[in-house]
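Chemist: Mind folding the following:
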Amino acid sequence: MTTITQGAVTITPDLVLGYSADRPTGATVHRLVNGGVAVTLAGTGLRSGTLSLFFKTAAAAAAAELALGVAGTFTLTEPGLAQVGMLFALGEGNLVRELDPATLTRWTLQVPFQEVAA
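Modeler: Numbers count the residues shown, from 1 in each chain. All right, here's what the predicted structure looks like:
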């Protein structure tokens with residue numbers, strides 16, 4: 001079961017519909033006048049991306065959105081998929097809560113994230 005925690009607050013989505021993350025390479029390519037290149041290497045950065053969370057009820061989705069709207073860091077834990085676990089803060093963008101048009105009762109919440117160092 002996926003959990004997102006911050007202190008005593010725990011968010012438990014019914015399902016994680018998606019997880020998309022990228023990491024900056026840390027490489028900067030400099031094009032030289034003579035046609036060559038020079039590369040500056042800084043190492044890869046931390047993950048950022050979007051979590052897509054599914055909730056069976058409007059109340060659960062609204063509570064998750066409210067809890068994630070608090071400034072601070074959150075811990076994502078997914079026992080069945082340990083590689084997505086992380087400490088994160090909200091990333092740039094918007095929290096997007098959306099009603100499922102097929103059921104008109106289920107909700108999704110798109111959460112932009114920025115991994116932070118533990």
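Chemist: Show me the shaky parts of the chain.
Modeler: Within the chain, no stretch has pLDDT under 70.
Chemist: any idea which element the residue of it most remote from its centre lies in?
Modeler: Each residue of the chain has a distance to the centre, and by CA atoms, centre = their mean the biggest one is for Asn34: 42.0 Å. Assignment of secondary structure by DSSP states H and E places Asn34 within no helix or strand.
Chemist: any idea how far Val9 is from it?
Modeler: 57 Å (CB to CB, to the nearest Å). Quick note: C-beta positions are derived from backbone N, CA and C, even for glycine.
Chemist: and if you look at His30?
Modeler: Taken as CB to CB, the span from His30 to Val9 is 46 Å.
Chemist: ok, these two, which is more surrounded?
Modeler: Higher neighbour count among His30 and Val9: Val9, with 15 against 9, using other CB atoms under 10 Å.
Chemist: What is the three-state secondary structure of the nearest residue to the more buried one once chain neighbours are set aside?
Modeler: Using CB to CB, 6 or more residues apart in numbering and skipping the chain neighbours, the partner closest in space to Val9 is Ala67 (5.1 Å). Using DSSP: H, G, I helix; E, B strand; the rest coil, the structure places Ala67 in helix.
Chemist: Give the full set of residues in contact with Ala67.
Modeler: 4, 6, 9, 11 (CB atoms under 8 Å, 6 or more residues apart in numbering).
Chemist: Also Leu95?
Modeler: The contact partners of Leu95, taken as CB under 8 Å, 6+ apart, are 65, 68-69, 109-112.
Chemist: Now the buried members of these.
Modeler: 65, 68, 109-112 (16 or more other CB atoms under 10 Å).
Chemist: can I get those in a markdown table with distance to Thr57?
Modeler: Converted to a markdown table, the buried ones among the contacts of Leu95 look like this (distance: CB to CB, whole Å):
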| residue | distance to Thr57 |
| --- | --- |
| Glu65 | 13 |
| Leu68 | 16 |
| Leu109 | 12 |
| Gln110 | 17 |
| Val111 | 18 |
| Pro112 | 23 |
